[in-house]
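Engineer: based on what follows, work out the 3D shape:
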Amino acid sequence: MNERTRFLALEAEGRYSMSELCARFSISRKTGYKWRARGELDGLASIAEHSRKPRSGSHRTAADGEQLLVAARQQQPTWGPRKWLDYQEPRHPAVVFRPLPRPARS
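Structural biologist: Predicted coordinates for the structure are as follows:
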């Protein structure tokens, strides 16, 4: 955090180019521009390390569908996932067993 603060302070002085600053701090120019954009956006609070955790778990099955699949697994331990889905989907049409497709990026 101190390095980022020093980086932003030196960048604000305008004595060094972005390339020189990034070389001095051993970071890529892409990272330097990212830090500068974050600093301009919300000040020092925004330059802290951000979580890399995905914001959504679109690959997960809904909880009610998961419970039904676990119950089917206990009843028929030799079945594979395809057979469980083929068995459960017609019996529980309101439950979404398969993950929804991700929305297209714009």
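
Engineer: quick one, phi/psi of whatever residue is furthest in space from the centre of the chain?
Structural biologist: The C-alpha centroid of the chain is most remote from residue 15, which lies 36.0 Å away (C-alpha atoms, centre = their mean). The phi/psi pair for residue 15 (degrees, to the nearest 10) reads phi -80, psi -20.

Engineer: distance check, it against residue 65.
Structural biologist: Distance, residue 15 to residue 65, by C-beta to C-beta, to the nearest Å: 59 Å. In short, each C-beta sits where N, CA and C put it, glycine included.

Engineer: low-confidence ranges in the chain?
Structural biologist: Applying pLDDT under 70 to the chain flags residues 1, 43-48, 50, 56-60, 99-106.

Engineer: tell me how many other residues surround residue 63.
Structural biologist: 9 (other C-beta atoms under 10 Å).

Engineer: let me see the domain layout of the protein.
Structural biologist: Domain ranges of the chain: 2-47, 60-98, per automatic domain parsing.

Engineer: out of these, which is closest to residue 54?
Structural biologist: Nearest to residue 54 among the domains of the chain is domain 60-98; the distance by C-beta to C-beta comes to 10.5 Å.

Engineer: list the buried residues in the closest one.
Structural biologist: For domain 60-98, a neighbour-count test (16 or more other C-beta atoms under 10 Å) marks 61, 65, 68, 69, 72, 84, 85, 87, 88, 95, 97 as buried.

Engineer: next one: stretch 17-34
Structural biologist: With burial defined by 16+ other C-beta under 10 Å, the residues of stretch 17-34 counted as buried are 21, 22, 25, 27, 32.

Engineer: looking at those residues, which two lie furthest apart in space?
Structural biologist: 21 and 27 (8.6 Å).

Engineer: pull up the overlap in contacts between the two.
Structural biologist: Both residue 21 and residue 27 are contacted by residue 7, under the criterion C-beta atoms under 8 Å, 6 or more residues apart in numbering.

Engineer: how about the helices in this structure?
Structural biologist: Along the chain, counting by DSSP state H, helices occupy 2-13, 18-25, 29-42, 63-75, 81-91.

Engineer: what packs against the longest one?
Structural biologist: Think helix 29-42. Contact analysis of helix 29-42 by 3 or more C-beta pairs under 8 Å, 6 or more residues apart in numbering; DSSP states H and E lists helix 2-13, helix 18-25 as its packing neighbours.
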